[in-house]
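Student: give me coordinates for this.
(one chain, ligands or ions: 1)
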Amino acid sequence: MASLLWGGDAGAAESERLNSHFSNLSHPQKNLWGIKSTAVRNIDGSINNINEDDEEDVVDLAANSLLNKLIHQSLVESSHRVEVLQKDPSSPLYSVKTFEELRLKEELLKGIYAMGFNRPSKIQEMALPMMLAHPPQNLIAQSQSGTGKTAAFVLAMLSRVNALELFPQCLCLAPTYELALQTGRVVEQMGKFCVDVQVMYAIRGNRIPRGTDITKQIIIGTPGTVLDWCFKLKLIDLTKIRVFVLDEADVMIDTQGFSDHSIRIQRALPSECQMLLFSATFEDSVWHFAERIIPDPNVIKLRKEELTLNNIRQYYVLCEHRKDKYQALCNIYGSITIGQAIIFCQTRRNAKWLTVEMIQDGHQVSLLSGELTVEQRASIIQRFRDGKEKVLITTNVCARGIDVKQVTIVVNFDLPVKQGEEPDYETYLHRIGRTGRFGKKGLAFNMIEVDELPSLMKIQDHFNSSIKQLNAEDMDEIEKIDY
Ligand SMILES: Nc1ncnc2c1ncn2[C@@H]1O[C@H](COP(=O)(O)OP(=O)(O)OP(=O)(O)O)[C@@H](O)[C@H]1O
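Tutor: Okay, the predicted model is just below:
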């Protein structure tokens with residue numbers, strides 16, 4: 001399996017996007033953490049000084065998706081049943097328990113086993129028979145990150161490709177070029193033994209002269225560039241596409257212009273082309289988009305594990321100021337044996353300050369904030385998972401989707417609030433909640449100043465769960481916490 005990789009300069013429009021992902025190569029000017037001004041290198045090499053420490057980290061959907069991909073090295077299990085809605089309810093619905101049952105090409109089966117997959121994941125059990133059926137069926141599938149969607153559609157693309165025909169046959173749209181590359185890697189891994197199948201990336205910067213005869217069978221790209229390749233440069237003949245995949249639909253609709261681009265591409269596909277859409281979440285907006293773009297779909301959904309506060313004992317400590325919060329944290333830290341803890345701060349400035357304080361006091365701490373590249377974030381999370389650091393200090397950039405099972409203590413160094421000081425209930429739940437299924441006990445400490453007390457009380461009422469006050473100077477009381 002070979003691939004033509006992206007090389008060359010980024011175009012002007014895309015360089016903004018590239019900037020947003022790579023500009024995170026930040027170079028603090030004085031020391032590692034405690035500074036105001038951060039020098040950020042742009043893609044063109046110029047340096048910007050920015051002052052963003054007081055800002056909250058914005059959760060970027062595409063970056064989060066990429067992070068999830070990087071940190072999921074195995075399947076995320078679910079205790080829910082897969083819900084299936086068939087376009088033709090009278091046709092038999094079957095699921096498979098083994099990959100052999102799918103009657104795949106030998107070299108594809110070898111590729112799957114070489115990736116260490118023994119049997120289909122929950123969503124794959126239902127989705128693969130539909131995706132590989134003859135005649136091809138369209139599918140909309142929703143399940144959380146890490147449940148095996150990418151592997152499923154890659155398998156569908158590889159199984160439908162005719163390696164002897166040297167033109168684009170499968171087209172996959174992804175919201176960013178990094179996500180496109182990740183999918184491409186899965187194609188390369190799974191297609192390792194399909195030696196004549198090749199993948200090519202339609203992403204800005206990969207400049208192919210007009211009228212070039214593309215011989216690769218699988219094209220993965222971002223909607224804008226794919227649109228150009230199809231209509232302006234005439235590189236892809238959409239009438240010959242057999243499988244069209246729209247991945248990360250929720251991120252796609254969040255990016256301006258991408259839904260329209262995708263729809264324009266889809267409209268030019270032949271009616272017999274198989275159309276597949278995947279999304280990790282399924283709000284109404286995603287659903288409307290999915291219905292517009294996928295004709296006569298089968299629908300598969302796998303519900304996410306619900307987060308609950310039931311197994312979490314929650315405390316709050318009333319503090320006067322930041323230093324006081326830190327002292328309280330130290331007292332707690334010194335009194336109970338903490339395995340691993342995550343501490344959430346609302347701004348980068350607070351997170352940096354706390355990191356410096358803790359390092360100076362000799363703790364093994366790492367800092368995860370939005371100014372790091374996604375790759376750097378993934379590596380910090382991995383180190384933390386491996387137990388190399390005991391404490392992870394972070395901003396909201398890490399509030400969702402990052403599941404470190406061995407963490408049993410979460411500290412809200414700052415309460416999550418929305419603009420206008422309204423508590424951010426959802427973020428609170430994501431920070432400290434656990435899935436009922438894993439049900440491990442946990443402890444949560446909220447360090448609050450007096451003016452935050454009303455917000456805390458609202459949180460308590462909202463979840464109908466008690467948050468007890470703790471006197472952080474009373475070591476005996478802290479030691480009594482059963483943990
Ligand atoms: N049948 C399987 N058996 C074992 N591992 C699997 C199987 N299918 C996928 N995986 C692995 O599980 C992880 C998540 O799979 P995959 O990336 O396909 O999920 P996803 O739902 O597309 O999530 P994301 O959108 O975050 O990539 C990957 O490391 C993948 O290699």
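Student: near the ligand, which residues of this protein show up?
Tutor: 68-69, 72-75, 115, 117, 120-121, 124, 145-151 (Cβ under 6 Å from any ligand atom). C-betas here are computed from N, CA, C, even on glycine.
Student: is it possible to mark the buried ones in those residues?
Tutor: Buried positions within these, assessed by neighbour count (16 or more other Cβ atoms under 10 Å), are 68-69, 72, 117, 120-121, 124, 145-151.
Student: out of the residues you listed, which one has the lowest pLDDT?
Tutor: Ranked by pLDDT, these bottom out at residue 72 (74).
Student: can you tell me the closest non-neighbouring residue to it?
Tutor: Excluding its sequence neighbours, the residue lying closest to residue 72 (Cβ to Cβ, 6 or more residues apart in numbering) is residue 146, at 3.9 Å.
Student: got a list of what that neighbour touches?
Tutor: By Cβ atoms under 8 Å, 6 or more residues apart in numbering, the contact list for residue 146 reads 68, 72, 74-76.
Student: narrow these to those in helices?
Tutor: Counted as lying in helices by DSSP state H, out of these, are residue 68.
Student: closest one to residue 287 out of the contacts of residue 146, please.
Tutor: Of all the contacts of residue 146, residue 68 has the smallest distance to residue 287: 21.2 Å, by Cβ to Cβ.
Student: now do the contacts for the closest residue in space to that closest one that isn't next to it in sequence.
Tutor: The shortest distance from residue 68 to any non-neighbouring residue, by Cβ to Cβ, 6+ apart, is to residue 145 (4.0 Å). If you count contacts by Cβ under 8 Å, 6+ apart, residue 145 has them with 65, 68-69, 72, 76, 280, 401.
Student: hmm, back to that, Serialize the buried ones among the residues of the chain next to the ligand to CSV and add fields for secondary structure.
Tutor: Conversion of these to CSV gives the following (DSSP: H, G, I helix; E, B strand; the rest coil):
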residue, secondary structure
68, helix
69, helix
72, coil
117, coil
120, coil
121, coil
124, helix
145, coil
146, coil
147, coil
148, coil
149, helix
150, helix
151, helix
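Student: most widely separated two among those?
Tutor: Greatest spatial distance among these (Cβ to Cβ): 68 and 120, at 20.3 Å.
Student: quick one: low-confidence parts of the stretch 1-150 of the chain?
Tutor: Low-confidence regions of the stretch 1-150 of the chain, defined by pLDDT under 70, span residues 1-59, 92.
Student: show the residue spans covered by the helices in it.
Tutor: Counting by DSSP state H, counting those that start in this stretch, the stretch 1-150 of the chain has these helices, from start to end: 12-22, 61-71, 106-114, 122-131, 149-160.
Student: of these, which is nearest residue 451?
Tutor: helix 61-71 (30.9 Å).
Student: how is the chain divided into domains?
Tutor: 61-302, 312-480 (the TED database).
Student: where among the ones you listed is average confidence lowest?
Tutor: domain 312-480 (a mean of 85).
Student: straight-line length of that domain, end to end?
Tutor: End-to-end distance of domain 312-480 (Cα to Cα, to the nearest Å): 16 Å.
Student: what do you get for stretch 339-357?
Tutor: 20 Å.
Student: enumerate every residue touching residue 280.
Tutor: Residue 280 neighbours (Cβ under 8 Å, 6+ apart): 65, 68, 142-145, 149, 248, 250.
Student: one step back: now tabulate the helices of the stretch 1-150 of the chain in TSV and tack on distance to residue 309.
Tutor: Shown next, in TSV, are the helices of the stretch 1-150 of the chain (distance: least, Cβ to Cβ, whole Å):
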stretch	distance to residue 309
helix 12-22	34
helix 61-71	23
helix 106-114	39
helix 122-131	26
helix 149-160	29
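Student: for stretch 221-235, list the C-alpha coordinates in CSV.
Tutor: What follows is stretch 221-235, C-alpha atoms only, in CSV (Å, rounded to 0.1, in the frame of the first residue of the first chain):
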residue,chain,number,x,y,z
GLY,A,221,-9.6,15.3,1.8
THR,A,222,-11.2,18.4,3.2
PRO,A,223,-14.4,19.7,1.5
GLY,A,224,-13.0,22.9,0.1
THR,A,225,-10.0,21.3,-1.6
VAL,A,226,-12.0,18.3,-2.8
LEU,A,227,-14.5,20.7,-4.3
ASP,A,228,-11.7,22.4,-6.2
TRP,A,229,-10.2,19.1,-7.3
CYS,A,230,-13.6,18.0,-8.7
PHE,A,231,-14.9,21.2,-10.3
LYS,A,232,-12.1,23.6,-10.9
LEU,A,233,-9.2,21.3,-11.6
LYS,A,234,-11.1,18.4,-12.9
LEU,A,235,-8.9,15.9,-11.1
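Student: list the buried residues in that stretch.
Tutor: Neighbour-count burial for stretch 221-235 [16+ other Cβ under 10 Å]: 221-230, 233, 235.
Student: and the residues you listed, which is closest to the ligand?
Tutor: residue 222 (16.0 Å; Cβ to the nearest ligand atom).
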